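Trainee: Got a predicted structure here, sequence first:
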Amino acid sequence: MITSLQDTVTLNNDVKMPGFGLGVYKVEDGKTVVDAIKAALQHGYRSIDTASYYENEEGVGQAIRESGVPRENIFVTTKVWNDEQGYHETKQAFERSLQKLGLDYLDLYLIHWPARDLYTETWRAMEELYNEGKVRAIGVSNFHQQHLEHLLENAAVKPVVNQVEYHPHLTQTALHSYCKKEAIQLEAWAPLKRGRLLEDPTLTKIGHKYGKTPAQVILRWDIQHDIITIPKSTNPERIAANADVFDFSLTDEEMCLIDAMDCNDRTGKNPDNI
């Protein structure tokens with residue numbers, strides 16, 4: 001379990017990934033995303049998660065260059081979108097993302113969704129990019145257990161990460177257990193359920209005990225479950241507040257109370273329907 005914003009998790013290929021980062025889904029390219037990332041990096045964040053689908057890779061790269069933080073100290077993730085999948089298409093998509101970001105390499109490249117009949121060829125291309133040293137680690141996003149099992153049947157390189165929707169209303173316990181068994185690190189997108197849990201009475205009550213917000217309680221719950229989490233915000237004060245989760249711990253009883261909130265409720269699509 002990480003104990004500070006700079007702490008890392010060692011992935012199954014021995015690459016160290018920050019356990020807490022900034023997500024930039026639906027953050028407008030240009031000044032908005034540049035200012036958000038600069039604020040996060042200034043506050044001590046060292047992991048930025050984007051995707052070709054977000055259409056803000058240019059701004060992400062600009063913020064990294066202008067931040068004053070050495071490139072090697074920033075962990076950059078992007079993803080290949082569904083209509084970019086396939087062997088040759090993925091190679092081209094990777095180069096486009098690298099060019100837009102203005103980077104020489106990526107830290108983590110993910111398959112965004114398990115696009116039917118395509119993701120195994122996509123993975124083959126990603127394995128080659130990894131073996132060529134163009135990316136330090138490769139992984140997947142939104143993969144159910146059956147997708148992972150299918151991928152692993154012929155994979156030469158095991159995914160290091162599975163980034164999925166994960167919050168108190170969608171705990172995906174069986175998937176988490178499987179990923180632990182396979183040494184695949186689970187990472188949470190939409191950890192705050194896109195703001196829909198911020199007035200929950202259980203989280204509010206727990207937060208009141210520690211002088212914390214429901215958002216901070218959720219992010220602490222992620223950390224104590226050994227989940228990498230990437231809350232999104234463009235507000236500098238909220239970016240700082242989201243990371244203010246290392247000065248308290250939830251009890252076992254409180255962890256169980258939050259676990260019990262699970263109702264298998266998604267804000268995004270079910271990967272089976274992609």
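Mentor: Cool, got the structure.
Trainee: hmm, who's touching the longest helix seen in the chain?
Mentor: Among the segments of the chain that qualify as a helix by DSSP state H, the longest is helix 87-101. With contact meaning C-beta atoms under 8 Å, 6 or more residues apart in numbering, helix 87-101 is reached by 50, 52, 57-58, 60-61, 64, 76, 78, 80-81, 84, 104-106, 109, 121-122, 124-126, 128-129, 134-135. The C-beta positions use only the backbone N, C-alpha and C, and glycine is treated the same way.
Trainee: Just the buried ones among the residues you listed, please.
Mentor: 50, 52, 57-58, 60-61, 64, 76, 78, 80-81, 84, 105-106, 109, 121-122, 124-126, 128-129, 134-135 (16 or more other C-beta atoms under 10 Å).
Trainee: hmm, back to that, flag every buried residue along the longest helix of the chain.
Mentor: Result for helix 87-101 [16+ other C-beta under 10 Å]: buried residues 89-91, 93-94, 97-98, 100-101.
Trainee: Would you check how far apart residue 9 and residue 274 are?
Mentor: Going from residue 9 to residue 274 by C-beta to C-beta, to the nearest Å gives 27 Å.
Trainee: More neighbours: which of the two?
Mentor: residue 9 (19 against 15; other C-beta atoms under 10 Å).
Trainee: can you tell me which helix or strand that one belongs to?
Mentor: Using DSSP states H and E, residue 9 sits within strand 8-10.
Trainee: Give me the distance from that strand to the chain's centre.
Mentor: Centre-to-centre, strand 8-10 and its host chain are 13 Å apart (C-alpha atoms, centre = their mean, to the nearest Å).
Trainee: Neighbouring strands of it in the sheet, and parallel or not?
Mentor: Strand pairing for strand 8-10, using DSSP bridges, gives strand 16-18 (antiparallel).
Trainee: Okay, buried residues for the strand it pairs with please.
Mentor: Within strand 16-18, the residues scored as buried using 16+ other C-beta under 10 Å are 17-18.
Trainee: Residue 121 versus residue 128, what's the distance?
Mentor: For residue 128 relative to residue 121 (C-beta to C-beta), the value is 11 Å.
Trainee: for residue 150, that is, sorry about that
Mentor: Taken as C-beta to C-beta, the span from residue 150 to residue 121 is 12 Å.
Trainee: Can I get the helix or strand where residue 206 lies in PDB, CA atoms only?
Mentor: For residue 206, the host element (DSSP H and E) is helix 201-210. Taking Å, rounded to 0.1, in the frame of the first residue of the first chain, the C-alpha atoms of helix 201-210 are listed here in PDB:
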ATOM      1  CA  PRO A 201     -24.500   9.400   3.700                       C
ATOM      2  CA  THR A 202     -22.200   6.500   4.600                       C
ATOM      3  CA  LEU A 203     -19.200   8.200   3.000                       C
ATOM      4  CA  THR A 204     -20.200  11.500   4.500                       C
ATOM      5  CA  LYS A 205     -20.400  10.000   8.000                       C
ATOM      6  CA  ILE A 206     -17.000   8.300   7.700                       C
ATOM      7  CA  GLY A 207     -15.500  11.500   6.300                       C
ATOM      8  CA  HIS A 208     -16.800  13.600   9.200                       C
ATOM      9  CA  LYS A 209     -15.000  11.400  11.700                       C
ATOM     10  CA  TYR A 210     -11.600  12.200  10.000                       C
END
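Trainee: Brilliant, that's me finished.
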